[in-house]
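Q: model the following, please.
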Amino acid sequence: MKLSRTLILSVFIVASCGLAYELIMAALASYLLGDSIFQYSFIIGLYLFSMGIGAHLTRYISDDHALTRFIEIELLVGLLGGVSALFLFVAFGFALAPFRTLLYALVFIVGTIVGMEIPLVMRVLNNQDADFKEIVSRVLTFDYLGALAVSLLFPLILAPKLGMARSALLFGLLNAAVAWLTARVFRQHLPNYKSLNFRAYLVLMMLAVAFVYANRLVFTAEQKYFGDPVVYESHSPYQRLVVTQWKDDIRLYINGNLQFSSRDERRYHEALVIPAMQMAAKHERVLILGGGDGLAAREVLKYPKVQHVTLVDLDPDMTKTFQTADKLTKLNENALNNPKMTIVNTDAAKWLENHADKFDVIVIDLPDPSNFALGKLYSVPMYRMVAQHLADGGKIVVQSTSPYFAPNAYWSVVATLEAAGLHTAPYHAYVPSFGEWGFVLASADNHFRLPEKVDVPATFLNTTTLRQMFDFPPDMARRNVEPNYLNNQKLVAYFEQDWADVMR
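A: Next comes the predicted model:
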């Protein structure tokens, strides 16, 4: 009975670890490669497929060796799964080999080994003369419970607190601990107990050392990848934030993608904010969707008539970082701590659904529509909700990716705003870090009179540059593309295809 209980407990831990490796590698792929929908889908599918192969391979293990092989497999999966995230960070940072090849090969190998665990446990239990129906019921029950436990712990606690590398190593230690405990409990049934016990201690020691030095190794790999010294990094349940600095150039990366460079971000943020603020009938109440770095808020707060700014950003790590880090608060001129600011950390669409406030200016500074989760925030239903929050004479502005590098995606945003019943005024600005970048003004009326002056201090915008932004050369001219509805997400397809064409 004691032996059976030990194995049943091991099922719970094994299931947790198996799902954890799958989640960690899928999350890492989305962080480092982007395209999160494809990466999660493909990696989960590949992992499940390889688990099926692993389960099939157990047929070639005799019952006499099932217990020994189970312990050895636990040590192997603990070692490979435990170092998986750390290995992938190092491989990506130092470009050791084609990263996708390494990633998918590791997913396949770990999945195959994990797939051997449960069939072997069931065979060992069956050898204990237990009732087979009882074995199946208990094993699968604890298997599913373990999966539930890690699916909650990983995004809520482990990833934000430990990071990917240490989370994987923690589960590797659990796998190795299962191997050591099983060997100890079953030592009378194991002729090679001393060898297994030694290997278990060795793997536990290796994983423990890796756990201690993991953050240092990841930091070194990231320094190599980003080039400039990393001054801040964090994992949140939503994204990975990295801030680098070289001399006076501070850069923010989200999931490996550059968000701004302090050398030219004023071009972007002045272009984003000032035209809408100048053209709106009033600008006393302003809503910012996204913009958790506080740089758009900095431009808004230049206007003395602004009475209140509501900023809705999903990630509390983002807003907290730009509220507290000295270098970053200096960059946004402490905008997020201004008494006129109200910061709400929630999904932008949910906030719009649950509030009825009206605003004179609405600034939409969200990440590019690179996946379906972001694409919904650029959809016709989303813009209809935004329009309901617009005061009379108010203006909406949307950052809309590049009309030069991603023209189909850019003009799809324009078409989507128009399909939502809004009038539009597309414009663009040159930002050296990104090239030509696009924005769209929108309003319930068709009044987009260019201002005769810029009322606030600006380093990039004046009446001349502002006027030039609304002129599109032939190579960025409007295209006949479809609006973005939730049931087709055409914008995401346009975005992916446009940038794929650039990379060729």
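Q: just the residues contacting the helix or strand where T112 lies, thanks.
A: In the assignment (DSSP states H and E), T112 maps to helix 99-114. For helix 99-114, the surrounding residues in contact (CB atoms under 8 Å, 6 or more residues apart in numbering) are 14, 17-18, 21-22, 25, 28-29, 32-33, 43, 46-51, 53-54, 57, 73, 76-77, 80-81, 84, 87-88, 91-92, 96. The way it works is simple: take the backbone N, C-alpha and C, and place the C-beta from them, glycine included.
Q: so among those residues, which ones count as buried?
A: Restricting those to buried positions leaves 14, 17-18, 21-22, 25, 28-29, 32-33, 43, 46-47, 50-51, 54, 73, 76-77, 80-81, 84, 87-88, 91-92, with burial counted as 16 or more other CB atoms under 10 Å.
Q: quick one: E72 and E22, what's the gap?
A: 21 Å (CB to CB, to the nearest Å).
Q: now do G393
A: Here the distance between G393 and E22 works out to 52 Å (CB to CB).
Q: got it, and Q468?
A: 51 Å.
Q: so where do the strands sit in the stretch 151-300 of the chain?
A: Assignment of strands within the stretch 151-300 of the chain using DSSP state E, counting those that start in this stretch yields the ranges 230-235, 240-246, 249-254, 257-261, 285-290.
Q: need the strands for the stretch 1-150 of the chain, in chain order.
A: Assigned by DSSP E, counting those that start in this stretch, the stretch 1-150 of the chain shows no strands.
Q: sorry, back to before: flag every buried residue along the helix holding T112.
A: For helix 99-114, the buried set under the neighbour-count rule, 16+ other CB under 10 Å, comprises F99, L103, Y104, L106, V107, F108, I109, V110, G111, T112, I113, V114.
Q: just stretch 278-285 next, same as before
A: Applying 16+ other CB under 10 Å to stretch 278-285 flags Q278, M279, A280, K282, H283, R285 as buried.
Q: can you tell me which of these is nearest A66?
A: When these are compared for distance to A66 (CB to CB), R285 comes out closest, at 68.8 Å.
Q: verify the stated contact: the closest one with F359.
A: Yes - contact criterion CB atoms under 8 Å: R285 and F359 qualify, at 4.9 Å.
Q: name the residues contacting each of those two.
A: Between them, R285 and F359 share the contacting residues T310, A391, judged by CB under 8 Å, 6+ apart.
Q: ok, back up a step: please state the offset of the helix holding T112 from the chain centre?
A: Between the centre of helix 99-114 and the centre of its chain there are 21 Å (CA atoms, centre = their mean, to the nearest Å).
Q: restricting to C-alpha, output it in PDB.
A: Output in PDB follows, covering the C-alpha atoms of helix 99-114 (Å, rounded to 0.1, in the frame of the first residue of the first chain):
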ATOM      1  CA  PHE A  99      16.800  28.700 -32.900                       C
ATOM      2  CA  ARG A 100      13.600  27.200 -34.300                       C
ATOM      3  CA  THR A 101      15.300  23.900 -35.000                       C
ATOM      4  CA  LEU A 102      16.700  23.700 -31.400                       C
ATOM      5  CA  LEU A 103      13.400  24.700 -29.900                       C
ATOM      6  CA  TYR A 104      11.200  22.200 -31.800                       C
ATOM      7  CA  ALA A 105      13.800  19.400 -31.400                       C
ATOM      8  CA  LEU A 106      13.900  20.000 -27.600                       C
ATOM      9  CA  VAL A 107      10.000  20.100 -27.500                       C
ATOM     10  CA  PHE A 108       9.900  16.700 -29.300                       C
ATOM     11  CA  ILE A 109      12.600  15.100 -27.100                       C
ATOM     12  CA  VAL A 110      11.100  16.300 -23.800                       C
ATOM     13  CA  GLY A 111       7.600  15.400 -24.900                       C
ATOM     14  CA  THR A 112       8.700  11.900 -25.900                       C
ATOM     15  CA  ILE A 113      10.300  11.200 -22.600                       C
ATOM     16  CA  VAL A 114       7.300  12.700 -20.700                       C
END
